[in-house]
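>>> could you look at this predicted model? Sequence included:
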Amino acid sequence: MILHTMIQILALLWHQIVAVFAEFRRDWAEALRFYEEAYRALREMIATSTRLPPVQRLVEIRAVAEQLFFKISTLLLHGGKVEEAIAWFNRHFNSYKHLVGLDEVSFLHWDWLSRQFLVFAELLETSSAAIPNTLSSHFGTPESSLTEWEIQPAYYYQLAANYLREKRYCLDNLLSTGDSEFSRTSGKVPESVMPSVFIGQSARLVEQGDMIEVLPLSDAEYVQYALSEAQRFQDSYEIIALFRKACESFTNLKAPRLASLCSNRMAKEYFFTEDFTDAKKLFDTVSSLYRQEGWVTLLWESLGYLQECSIRLDSAKDFIEYSLEMASLPIFANGDQEIPDSKREYGPAGLPSQSRREALQSEVLSLVRGEEIVSRTDRGCSIAVTKEQPVRIDVDIISPLRMVLLVSVAFHDQSVKPGSPVMITLSLVSQLPCSIEVDELEIEFNQPKCNFIIINAVEEISAARSNGDNQDVRIETAPSIVLPTNKWLRLTYDVKSDQSGKLECLSVTARIGKSFKICCQAESPASMEDLPFWKFEGMVQTFPTKDPVLSFSGQKVIQVEEPDPEVDLILNASSPALVGESFVVPLTVIPRGHEVYSGELKINLVDARGGGLLMSPRETDPFSSGNHHVELISISRMGGDDESRIHSDKIKKIQQSFGVVSVPDLRVGDKWSCKLEIKWHKPKSVMLYASLGYSPNSAEAARVNVHRSLQIEGKIPISITHTFMMPFRREPLLLSKVKSLPGADQNVYLPLNETSILIVTARNSSEVPLRVKSMMIQSNSNKNETPYSIQHVGGVSADDSLLVPGGEFKGVFSVRPKIDSPNLELGSVCLNWNRDLTLSDSEDSGVMTEQKLPAVIVEQSPLVVSLEFPPHAILGIPFLFYIKVSNQTNLLQEIKYSLGDTQSFVFCGPHDNAGFILPKMEYVMSYKLVPLCSGSQQLPQATITSLRYSAALNPSVTATTIFVYPSEPNFFVADNEKETILAKLNL
């Protein structure tokens, strides 16, 4: 037997030595193979006996196995074989997890297992480059039993912390009992213990004179030494660090449940080390997740720890909240007898059961009525609720304490008149295991005058008044305010409001005892959510109110209507508003049955087509008056005196589309009028809202509001168009215009130093008759000398000309450019107009409408063609037709010209010819034409072509049209009129 053991030891040493030399040669595959053989040889030595005692023998085997596995896993991870390394770790763990040894030294086993997981986690973390970023598709399949979590270091950090907790638990049990065989037979802890030269062994140094001798340890001495070393280290801090590292990793991996598990165990370690502040923070975090996912048992355990933390931190409010939440959880198991290790499994609260819920409720009720509560883990800590330090708990619609007390409030009507009573039903339900008696209910509304208190008939009204802050609150009594388990308590009362607007029940506060209140936010039955933990329980469904219709449609809000106003608010606008003018809207206030005190008039302009804003959404400065399409200018008293005018800077809270003004006190029969002056900058349909708020009497009373609205259309009054024309029968050759593509260029071309005609047409686009006062063209240039000259030469007379709807007003101007420019600004057309029918008390100053003329292109015309022929002709009688071409350049110009045939005329002269024109000279072509038809006829088409510029010029159809009379007409025109006509024709 001894020989067999020696052979096994030698084989183990030989395989290990060969593996080390293979590593030295960087032969990783050979080193891995021999390390695996050494590991198998070690497994065969477990059952053999050696000279070492059993405890130390097991410690030595674990130490050697740990070293061999470290080598194997390092080589596998170095080669990128992550799955093989994990499989080897599982084989290593399964081989030694049951090798616990004696109960007295079991803590050594759990410490060793924890170290295995910690080392392997660090190896995985340092070999992260070898771990794939995406999980293999065959993880969790029959081909591979590995799960996706087994390649994450956080998984092993978590297990390392768990086994370290198990080690601490075994060590605490061993130290608490102290009746083991080793503790009875051993003496004091041996001194001068050091690691032996052999792996996993320990020895003791003994001085004998001048000699130091190394002696082996007995199992009893080794156990005492291991116990003293274990007590010297604080395992809790290492456990917390491991759980924190795992929690952070699981959080980054989007695994909230595993992260909460690590947080829960980390919180327990903080609780064990009596760091109750950090423990409470972590337990609160994990409890919120348990509430979301409905883990009742886990939530019970966390709340139990939070109870103890609250006692240790002397927080009675938190203790009551956690206790009431635990008591209202859906737990119905009968657990009167505690099972072994229930405290360790379920925490300080113990086994969750119906009896424990009832005990918690009784404990809380005793606390709020003045008794002390002592900690379950430290009998020296306690809390109490006193009058000097009362407790108030607030419950909103997302609070977990809705299970403790849920309040539903429903008005029986949707609206009510001011001063009229309306019925309201208060419904309360609790999921606490036992009935609870409430001393007082305080109902709070958004209108404080409607608040009232419901007291238990047992309690004196004087006592209720002494507890309340407001002595004027209405007090009602109820025979009994007892909340049974899962059964609605319905209380119906009437409420009266004198203030118009929204009346809403905000909260219901229940008082239990002298120093405890629980304030619940009121909920409407129509929108009330179910309790998350109780909605899947097999309970009989009941309605908050007796009327099922009210349960499905009831609301905690009611509209208190405004009292019927007895004041007339009159708005008038007889016609649409026009852009640019100051539009006046008369407003009149006439008291009929109410007197007006503290009156306030609000004027608001809103876009009638929606959107609200009366400005362009692209404008960046909403407070600039130029950005608003419609603007409230001023408010003035009817009568016209200057002192009664209220300018915009004196209107309270004035904006471009909103204003508030004060209305003087008025008695029945009085009358107050004003005018709203509104200006439209752009066409827009506007809703004018006028709201008058007043008090019917001089004392403070509910205000009455009168609302009126008026839609006003803002329209464009006048549309202005213009047309440029050349002088009659005179055509200049403009090279840029000739070379431009037809239809592609919309620019206007004018010849330099030539007079052109500008015709401006103003058309009434509105439905209102207008009067035109003047029309002019104003230059935009600030220079004294303008680069052009413009003169008004004709058109319709502008002396208050009436412009009916759809009518037109024309103005004729002569334009003569003086400079050559590719972009010449001619100024703006300014039209002064006003309405034909205006208010008698308004100023008739007129409205100025401006429209900018487009820029024109001015260039020198090399040739100008003029046509000369009589204004009319007589059938059969010949007349002369002259075509004159003027050379405006300093160059010799060669031209070609042609005259086409027509059926209306016969002519004498060449059809085609050519000629030369000297600089600054004129070339004249003469033809004699005989008309063959009467009426408006087109002269033969003339074409003049410049060879230098390769450009042709054809006179327009209007310039070559003549009227042919069948016989000599008789005209009766005075001499002075002839001169006027000839002067206008020779412009």
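Received, thanks. Residues are numbered from 1 along each chain as shown.

>>> for the chain, which element, helix or strand, carries the lowest mean pLDDT?
Across the helices and strands of the chain, mean pLDDT, DSSP states H and E gives its lowest value to strand 645-646, namely a mean of 48.

>>> quick one: pLDDT of residue 829?
Looking at residue 829, its pLDDT reads 89.

>>> tell me the phi and psi of it?
Backbone torsions of residue 829, given as degrees, to the nearest 10, read phi -80, psi 120.

>>> quick one: it from residue 199, how far?
Using C-beta to C-beta, to the nearest Å, one obtains 107 Å as the distance from residue 829 to residue 199. All C-beta atoms are positioned from the backbone trio N, CA, C, and that covers glycine.

>>> the two - which one has more neighbours?
With neighbours defined as other C-beta atoms under 10 Å, residue 829 and residue 199 compare such that residue 829 has more, 22 against 12.

>>> shouldn't the more buried one be in contact with residue 720?
Yes - under the criterion of C-beta atoms under 8 Å, residue 829 makes contact with residue 720 at 5.6 Å.

>>> mind listing the shared neighbours of the two?
760, 851 (C-beta atoms under 8 Å, 6 or more residues apart in numbering).

>>> assumed residue 865 was part of a helix.
No - assigned with DSSP: H, G, I helix; E, B strand; the rest coil, residue 865 falls outside any helix and is strand.

>>> isn't it up against residue 885?
Yes - using C-beta under 8 Å, residue 865 makes contact with residue 885 at a distance of 5.5 Å.

>>> list residues touching both of those two?
residue 944.

>>> strands of the stretch 351-500 of the chain, start to end?
Assigned by DSSP state E, counting those that start in this stretch, the stretch 351-500 of the chain shows strands spanning 373-374, 382-383, 391-395, 406-411, 415-416, 421-429, 436-437, 440-445, 452-456, 474-478, 482-483, 489-496.

>>> let me have these in a markdown table, extended by distance to residue 244.
As requested, the strands of the stretch 351-500 of the chain are exported to a markdown table (distance: least, C-beta to C-beta, whole Å):
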| stretch | distance to residue 244 |
| --- | --- |
| strand 373-374 | 32 |
| strand 382-383 | 30 |
| strand 391-395 | 32 |
| strand 406-411 | 38 |
| strand 415-416 | 59 |
| strand 421-429 | 42 |
| strand 436-437 | 41 |
| strand 440-445 | 45 |
| strand 452-456 | 51 |
| strand 474-478 | 53 |
| strand 482-483 | 43 |
| strand 489-496 | 47 |
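
>>> what's the average pLDDT for stretch 511-520?
92.

>>> can you list contacts of it?
Here stretch 511-520 has contacts from 320, 365, 368-370, 385-387, 389-395, 401-402, 404-407, 436-442, 467, 507-510, using C-beta under 8 Å, 6+ apart.

>>> would you mind checking the residues you listed for buried ones?
320, 365, 368, 385, 390-391, 393, 395, 401-402, 404-407, 436, 438-442, 467, 507-510 (16 or more other C-beta atoms under 10 Å).

>>> beta-bridge partners for the closest residue in space to residue 491 that isn't next to it in sequence, please?
With sequence-adjacent residues excluded and distances taken as C-beta to C-beta, 6 or more residues apart in numbering, residue 491 is closest to residue 426, at 4.6 Å. Applying DSSP bridges to residue 426 gives these bridge partners: residue 409, residue 491.

>>> wait, doesn't residue 426 sit right on residue 409?
Yes - contact criterion C-beta under 8 Å: residue 426 and residue 409 qualify, at 5.8 Å.

>>> so between these two, which is more surrounded?
For residue 426 versus residue 409, the count of surrounding residues by other C-beta under 10 Å is larger for residue 409: 28 against 21.

>>> and the more buried one, how far from residue 758?
77 Å.

>>> tell me the SS of residue 92?
Relying on three-state DSSP, one would call residue 92 helix.

>>> then residue 882?
Residue 882 ends up strand, using three-state DSSP.

>>> number of residues surrounding it?
12.

>>> and the strand or helix carrying residue 58, what does it pack against?
According to DSSP states H and E, residue 58 maps onto helix 54-78. Helix 54-78 is packed against helix 2-24, helix 28-44, helix 82-96, helix 106-126, helix 219-232, with contacts defined by 3 or more C-beta pairs under 8 Å, 6 or more residues apart in numbering; DSSP states H and E.

>>> let's see 10 Å
Helices and strands touching helix 54-78, by 3 or more C-beta pairs under 10 Å, 6 or more residues apart in numbering; DSSP states H and E, are helix 2-24, helix 28-44, helix 82-96, helix 106-126, strand 202-208, helix 219-232.

>>> the helix or strand hosting residue 283: which residues count as buried?
Per DSSP H and E: residue 283 is located in helix 276-293. Neighbour-count burial for helix 276-293, counted by 16+ other C-beta under 10 Å, picks out 276, 278, 279, 280, 282, 283, 284, 286, 287, 289, 290, 291.

>>> could you do stretch 772-780 as well?
772, 773, 774, 775, 776, 777.

>>> residue 237: which of those is nearest?
residue 777 (92.3 Å; C-beta to C-beta).

>>> just the CA atoms of the strand or helix carrying that closest one, as PDB, please.
Using DSSP H and E, residue 777 sits within strand 770-778. Provided in PDB are the C-alpha atoms of strand 770-778 (Å, rounded to 0.1, in the frame of the first residue of the first chain):
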ATOM      1  CA  LEU A 770     -62.600 103.200 -51.400                       C
ATOM      2  CA  ARG A 771     -61.400 106.700 -52.300                       C
ATOM      3  CA  VAL A 772     -57.900 107.200 -53.800                       C
ATOM      4  CA  LYS A 773     -56.300 110.500 -52.600                       C
ATOM      5  CA  SER A 774     -53.000 110.300 -54.400                       C
ATOM      6  CA  MET A 775     -50.600 108.000 -56.300                       C
ATOM      7  CA  MET A 776     -46.900 108.700 -56.600                       C
ATOM      8  CA  ILE A 777     -43.600 106.900 -57.000                       C
ATOM      9  CA  GLN A 778     -41.100 107.500 -54.200                       C
END
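
>>> give me the sheet partners of that strand and which way each runs.
Strand pairing for strand 770-778, using DSSP bridges, gives strand 801-803 (antiparallel), strand 828-835 (antiparallel).

>>> most tightly surrounded among the ones you listed?
strand 828-835 (a mean of 20; mean count of other C-beta atoms under 10 Å).

>>> after that one, which helix or strand is next?
Criterion used, DSSP H and E; the element after strand 828-835 is strand 847-852.

>>> contacts for the helix or strand just after that following strand?
Next helix or strand after strand 847-852 toward the C-terminus (DSSP H and E): strand 856-859. Contacts of strand 856-859 with the rest of the structure, by C-beta atoms under 10 Å, 6 or more residues apart in numbering, involve 724, 732, 734-737, 740, 745, 747-754, 756, 758, 787-788, 815, 817-826.

>>> 7 Å instead, please
734, 736, 747-750, 752, 817, 819-822, 824, 826 (C-beta atoms under 7 Å, 6 or more residues apart in numbering).

>>> adjacent strands (with direction) for the helix or strand hosting residue 886?
Assessed by DSSP H and E, residue 886 sits inside strand 879-887. According to DSSP bridges, strand 879-887 forms sheet pairs with strand 863-868 (antiparallel), strand 922-931 (antiparallel).
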